[in-house]
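1. Sequence isn't available, so here's the structure alone:
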Ligand SMILES: Cc1cc2nc3c(=O)[nH]c(=O)nc-3n(C[C@H](O)[C@H](O)[C@H](O)COP(=O)(O)OP(=O)(O)OC[C@H]3O[C@@H](n4cnc5c(N)ncnc54)[C@H](O)[C@@H]3O)c2cc1C
Ligand SMILES: NC(=O)C1=CN([C@@H]2O[C@H](COP(=O)(O)OP(=O)(O)OC[C@H]3O[C@@H](n4cnc5c(N)ncnc54)[C@H](O)[C@@H]3O)[C@@H](O)[C@H]2O)C=CC1
């Protein structure tokens, strides 16, 4: 009784954010404390729900993601109360938050899951678009239907997906690196994939073997309400499936890569006219020579390699910045170099009773040698779930070990219509020169790369239907000495699963 009274005066479990991290956290708290009300405060009326969750192997997981009206969450979990209002102020010393509707909520424990926003190359320029949520994706699609040429800046997940999906529009893709997809691949894998950009896009798509994004069950009114708010949660896998990413022209792919360069300056049409410089035509395979473009474009981009191109608009797919600004105001959080709220191995921030999970946080614990943080859907789910477990343990005075999912980095996705599995230190991140690579590649079919250190497997990139993920996951986790097997490890004639049974 006393504990209940204390809770009454201390407040409740409060979660901020209706993305995957926040919703998973609230759901787990609701299960742990069925007789308590869990508050979920979110700026958007639609929430992200994980459905059809399937543990594929020890760590790899697959699930669908549905965008749903928040009432659906409340009916599934009657002890979750969703407040559709942005958080305005956090008063950490008073254990209290103020929402935009003017209400104050006292919390006992708070979990911040407010996600991240696109880090744009040029904030405020109407011709520079970022893609984060359903509304920004729709705005992009709308602009694309009128476009003949666009420029994509960035070399990560969004850029990789866009260059493959866009049709009927010239795409100039400017990347800082030598090879495409630097956040996911090395140059070898990039070369394997690049061939897909020049060939025709295959009609039949492979069946989904990864997280799927769906808006099934979403009421129309909820969507239009979300539009007004302008703070939706991040899109995720297959976000482009329902969107027709077609420009004005009739061709399939037309992508030109400008490697090792950045944006030097962006000019609006009038500024460009006064500049009295020439812009370039789209370089084609037949016409590699530089010629002057006679078309007039709404915007022009000068690259650091001195090339100047006109285009209809620019997509800045240049990473994300955690949404921390509002929370930092008046609160002395420790912040990571990437701008996220630092969390320890219990997802706890530097301030009492405040936890954080998903894109907003920076993992500041000593990680397993084969795990790294990446702002991904799977990690948002794992962190949200584990944060709830830690909040529960703290309330009950229990100890809790770090969740197993943080033992090994594991990500399944799809790029250029290939299944892609990334495990551990898949790009030898942080291993210095003290490592070896083993490769197996069949052009157009599969690419297998294994990162070895002292005879142990540290990471792997598996592109295509390799069926190696489970065995490699085990080999990385158990750190078995594989030196006796040498090259046989990747011999396609040896059934590796039987080998290590
Ligand atoms: C185009 C795109 C494609 C992607 N594809 C993949 C993929 O294929 N695979 C993958 O693993 N990941 C992918 N990601 C990344 C993945 O979507 C994110 O890592 C993940 O969704 C982050 O979840 P989150 O819950 O931390 O944040 P978010 O989903 O951003 O949710 C944040 C929530 O906080 C709310 N909020 C924000 N500010 C406030 C406030 N002041 N008050 C109240 N509420 C607030 C928002 O409304 C939102 O509900 C993709 C991302 C993008 C943008
Ligand atoms: N299939 C998947 O797993 C996908 C995951 N995502 C996730 O969504 C989030 C957002 O995606 P992205 O914006 O693609 O981020 P990202 O972090 O994947 O990639 C950002 C890219 O921009 C480049 N960059 C940064 N600043 C730049 C600058 N000033 N000029 C030129 N290039 C610059 C970086 O080198 C990097 O290549 C990420 O967390 C990403 O992991 C997105 C799409 C697909």
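-> Perfect, thanks for sending it. These figures come from a predicted structure and were not determined experimentally. Ligands and ions are numbered 1, 2, ... in the order given.

2. contacts, neighbours, all on C-alpha from now
-> Will do.

3. Share the number of residues neighbouring residue 493, please.
-> Counted with other Cα atoms under 10 Å, the burial measure for residue 493 works out to 7 neighbours.

4. Where does it sit: helix, strand or coil?
-> Recorded secondary structure, residue 493: coil (DSSP: H, G, I helix; E, B strand; the rest coil).

5. The one 4 residues further on now?
-> In the three-state summary, residue 497 is assigned as helix, counting by three-state DSSP.

6. For it, which non-adjacent residue is closest in space?
-> In space, and not counting its chain neighbours, residue 497 is closest to residue 471: 6.1 Å by Cα to Cα, 6 or more residues apart in numbering.

7. That neighbour belongs to a helix?
-> Yes. Counting by three-state DSSP, residue 471 is found in a helix.

8. residue contacts, it?
-> Contacts for residue 471 (Cα atoms under 8 Å, 6 or more residues apart in numbering) come out as 496-497, 500.

9. Looking at these, which one is closest to ligand 1?
-> Ranked by distance to ligand 1 (Cα to the nearest ligand atom), those are led by residue 497 at 26.9 Å.

10. OK, contacts around the nearest residue to residue 358 once chain neighbours are set aside?
-> Counting by Cα to Cα, 6+ apart, residue 358 lies nearest to residue 380, which is 4.0 Å off, once chain neighbours are set aside. Contact analysis of residue 380 by Cα under 8 Å, 6+ apart lists 20-21, 357-359.

11. so which strand or helix has the residue of the stretch 401-501 of the chain found nearest ligand 1?
-> Closest residue of the stretch 401-501 of the chain to ligand 1, Cα to the nearest ligand atom: residue 413 (5.8 Å). Take DSSP states H and E as the rule and residue 413 turns out to sit in strand 410-415.

12. and the chain, which of its residues are near ligand 2?
-> Residues of the chain lying near ligand 2 by Cα under 6 Å from any ligand atom: 121, 153-159, 175-176, 182-183, 262, 317-320, 375-376, 413.

13. Please spell out the ChimeraX selection for the buried subset of those.
-> Restricted to buried positions by 16 or more other Cα atoms under 10 Å, the ChimeraX selection for the residues of the chain next to ligand 2 reads:
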select :121,153,154,155,156,157,158,159,175,176,182,262,317,318,319,320,375,413
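
14. List the contacts of stretch 330-350.
-> For stretch 330-350, the external contacting residues (Cα under 8 Å, 6+ apart) are 90-92, 321-324, 351, 354-357, 359-366, 383, 386-387, 390, 402.

15. 7 Å - rerun?
-> Stretch 330-350 is contacted by residues 92, 321-322, 324, 351, 354-357, 360-365, 387, 390, 402 when judged by Cα atoms under 7 Å, 6 or more residues apart in numbering.

16. ok so, going back, need the contacts of residue 380 in CSV (columns: pLDDT).
-> As requested, the contacts of residue 380 are exported to CSV (pLDDT from 0 to 100):
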residue, pLDDT
20, 96
21, 98
357, 98
358, 98
359, 98
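
17. show me where the stretch 351-500 of the chain has helices.
-> According to DSSP state H, counting those that start in this stretch, the stretch 351-500 of the chain carries its helices in the segments 377-396, 469-478, 496-499.

18. chain center to the second one, what's the gap?
-> It refers to helix 469-478. How far helix 469-478 lies from its chain's middle: 24 Å, per Cα atoms, centre = their mean, to the nearest Å.

19. pLDDT of that helix, averaged?
-> Mean pLDDT, computed over helix 469-478, is 94.

20. Report the inter-axis angle for that helix versus strand 410-415.
-> Going by axes from the mean of the first three to the mean of the last three Cα atoms, to 10 degrees, helix 469-478 is angled at 140 degrees with respect to strand 410-415.

21. mean confidence for stretch 52-59?
-> Throughout stretch 52-59, pLDDT has a mean value of 85.

22. And the contacts of that stretch?
-> By Cα under 7 Å, 6+ apart, stretch 52-59 touches 61-64, 405, 410, 470.

23. Give the buried residues for stretch 98-116.
-> Neighbour counts over stretch 98-116 (16+ other Cα under 10 Å) mark 98-99, 104-116 as buried.

24. Could you do stretch 396-408 as well?
-> Buried residues in stretch 396-408 (16+ other Cα under 10 Å): 403, 405-408.

25. Can you list phi and psi of residue 123 for me?
-> The phi and psi values for residue 123, taken as degrees, to the nearest 10, are phi -70, psi 130.
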